[in-house]
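# No sequence on hand, only this structure:
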């Protein structure tokens, strides 16, 4: 650790490691396979950058994020570290220079995508010199249960063996137990190799704003963006919504950019650069934007539509407040938005019919002018989304039904005995669809719950929460305000049974929300709900109980009661809290 501290100080200009970083770095330097689950802003990148300067052999970093590679490469070069990126976004002279540095061994850190890592020619370049560390960033993408599942990541576990079994470090901001288990299984990480730091970030103010109709959402976006200083991101689930929100903010003279997957690469890059530099205050984007965005001073993240999972929401909201300062994370909740995510789910995973269609295509001669079937040709023939075809081919290769040559050519290895085999191969994705539906219901529960929002998030991500209330989300503030009213009402409630009996005789029998009442054995409380057959009462100890109306009697106000409290007693507590 003396060497670690020296490199930390001399190369990175830091005096100490953050919580979790030390444990991860120690494991990597000891040659132990590790999965690090650390929240956004916890410094995951340093967990492979620092060991890369101390271990024998080179470090290969696999990431789905081309934009992040560029930023990290530039940062490492500024620190004097030879770092190169090899991906589809790099061409010309830079690409040639990067491949030469890989081939001659001068590159200390090599950053690439899973797609490029799978190319045989590139692997030959890598194997020219020993590899000491394989870092898999955004590792939840490797899991079929992960919210950003990327089929190309399925190859990484097998490719690790071909690279000489280097030490592996997987990193992600979010991973439920099921996702963590899947990552570990695919990359050969033991259960004892998981370093999971807390996902709780007290500087993030979580809140949900319910809306009744679509038209209300744009008004809320304008209101919330205007009311919040500093830079921010507005996330939408669809390209159409992103364009509508962007247009509305532009019309309101906001400094705003637009980012989604259907824009040309040059436009996406320009929009990101403008946001990162501060030239644009607000970015309106689909989830195509943001993974790995290293902008510390984002003051708000606003979700215009419901995300598919709590993991996705946490990761996207977590891009705010990386500097540790207060940041607001707001979800606009319209019940109808659930249908958008249900639509996306319907086309996400391959079923029996998809795998069968791929096999049937490969049983035929390739199209005229082609020597062999390739992924694009198969996709064009079967007419299904690329991700579905890619996953189906991965399953068929794993089961040794299909083989793929170094040049990408596909061929059948065996005859398939009917649809039963296809059903068996794709059965796990049926389970995935069920889990996706459960995850969406959990996201809806988060939006509708009256519980502490941080507790709901931590219960889901970590299986439990160290507290019942965070005391700073919208629900906790609402509960605290309600309790303050209840306690004040109780302090001003009748002092004795005689006063209560007199009040009971003088008042009508019906009860209304906010009435101060007396129940024998339980004492004084405040009515939360009342019907002809049942009265629900909140007591000072925060308990809530229901009684038949005949067992509840109205409490009289004490003499000298303040007029303000009389008004409070007649107002529903929830409205007072609002």
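Cool, got the structure. Keep in mind that this is a model prediction, so the values were computed, not measured.

# if you average pLDDT over stretch 276-286, what comes out?
Along stretch 276-286, the predicted confidence averages to a pLDDT of 94.

# Off-centre distance for it?
Put simply, stretch 276-286 sits 20 Å off its chain's centre (Cα atoms, centre = their mean, to the nearest Å).

# Going by neighbour count, list what's buried in that stretch.
276, 280-286 (16 or more other Cβ atoms under 10 Å). All C-beta atoms are positioned from the backbone trio N, CA, C, and that covers glycine.

# Run through who's touching that stretch.
Around stretch 276-286, the neighbours that count as contacts under Cβ atoms under 8 Å, 6 or more residues apart in numbering are 225, 230-239, 242, 245-246, 249, 254-261, 271-275, 289, 293, 295.

# How about stretch 193-201?
The set of residues external to stretch 193-201 that reach it, using Cβ under 8 Å, 6+ apart, is 19-20, 23-24, 27, 32-39, 41-42, 173-175, 180, 184, 314, 318, 321, 454, 457-458, 461-462, 466, 470.

# Which parts of the stretch 451-578 of the chain are strands?
Across the stretch 451-578 of the chain, reading from the start of the chain, the strands by DSSP state E, counting those that start in this stretch fall at 516-519, 523-530, 535-539, 544-547, 552-554.

# Could you save these as JSON lines and add columns showing mean neighbour count?
As requested, the strands of the stretch 451-578 of the chain are exported to JSON lines (neighbours: other Cβ atoms under 10 Å):
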{"stretch": "strand 516-519", "mean neighbour count": "22"}
{"stretch": "strand 523-530", "mean neighbour count": "20"}
{"stretch": "strand 535-539", "mean neighbour count": "21"}
{"stretch": "strand 544-547", "mean neighbour count": "13"}
{"stretch": "strand 552-554", "mean neighbour count": "22"}
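
# want to throw these into TSV with mean pLDDT and distance to residue 363?
Converted to TSV, those look like this (pLDDT from 0 to 100; distance: least, Cβ to Cβ, whole Å):
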stretch	mean pLDDT	distance to residue 363
strand 516-519	88	77
strand 523-530	86	66
strand 535-539	86	67
strand 544-547	84	66
strand 552-554	88	76
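
# Take those and lay them out in JSON lines including distance to residue 93.
Putting those into JSON lines (distance: least, Cβ to Cβ, whole Å) gives the following:
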{"stretch": "strand 516-519", "distance to residue 93": "79"}
{"stretch": "strand 523-530", "distance to residue 93": "71"}
{"stretch": "strand 535-539", "distance to residue 93": "71"}
{"stretch": "strand 544-547", "distance to residue 93": "70"}
{"stretch": "strand 552-554", "distance to residue 93": "83"}
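
# Can you check which of those strands gets nearest to residue 100?
Closest of those to residue 100 is strand 544-547, at 70.9 Å (criterion: Cβ to Cβ).

# roughly how far is the closest one from the heart of the chain?
Here strand 544-547 is found 39 Å from its chain centre; the criterion is Cα atoms, centre = their mean.

# other SSEs contacting that strand?
Helices and strands touching strand 544-547, as assessed by 3 or more Cβ pairs under 8 Å, 6 or more residues apart in numbering; DSSP states H and E, comprise strand 535-539.

# can you give me the angle the strand it packs on makes with strand 523-530?
If you take axes from the mean of the first three to the mean of the last three Cα atoms, to 10 degrees, strand 535-539 sits at 140 degrees to strand 523-530.

# switch to numbering from 19
Let's use 19 as the start, then, which means that last one is strand 553-557.

# What are the contacting residues of strand 553-557?
By Cβ under 8 Å, 6+ apart, the list of residues contacting strand 553-557 from outside reads 504, 529, 535, 537, 540-548, 562-567, 570, 591.

# Could you tell me which strands sit next to that strand in the sheet, and their orientation?
strand 541-548 (antiparallel), strand 562-565 (antiparallel) (DSSP bridges).

# What segments of the stretch 19-168 of the chain are helices?
20-28, 39-47, 64-70, 84-96, 110-122, 132-135, 138-144 (DSSP state H, counting those that start in this stretch).

# Out of those helices, which is closest to residue 449?
It is, among the helices of the stretch 19-168 of the chain and with distance given as Cβ to Cβ, helix 132-135, at 23.6 Å.

# average pLDDT for that closest one?
Taken as a whole, helix 132-135 has an average pLDDT of 86.

# buried stuff in that helix?
132-135.

# Same question for stretch 169-178.
In terms of neighbour count (16+ other Cβ under 10 Å), stretch 169-178 has its buried residues at 169-175, 177-178.

# can you redo the helices of the stretch 19-168 of the chain as CSV with distance to residue 216?
Output for the helices of the stretch 19-168 of the chain, formatted as CSV (distance: least, Cβ to Cβ, whole Å):
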stretch, distance to residue 216
helix 20-28, 23
helix 39-47, 13
helix 64-70, 16
helix 84-96, 24
helix 110-122, 37
helix 132-135, 29
helix 138-144, 36
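
# Pick out the shakiest of these, pLDDT-wise.
Of all those, helix 84-96 carries the lowest average pLDDT, namely a mean of 81.

# So which elements touch that helix?
Contacting helix 84-96 under the criterion 3+ Cβ pairs under 8 Å, 6+ apart are the following elements: strand 101-104, strand 127-130.

# Pairing partners for the first one, with directions?
Spelled out, it's strand 101-104. Next to strand 101-104 in the sheet, as set by DSSP bridges, lie strand 127-130 (parallel).

# Off-centre distance for the strand it pairs with?
On the basis of Cα atoms, centre = their mean, strand 127-130 is displaced by 25 Å from the centre of the chain it belongs to.
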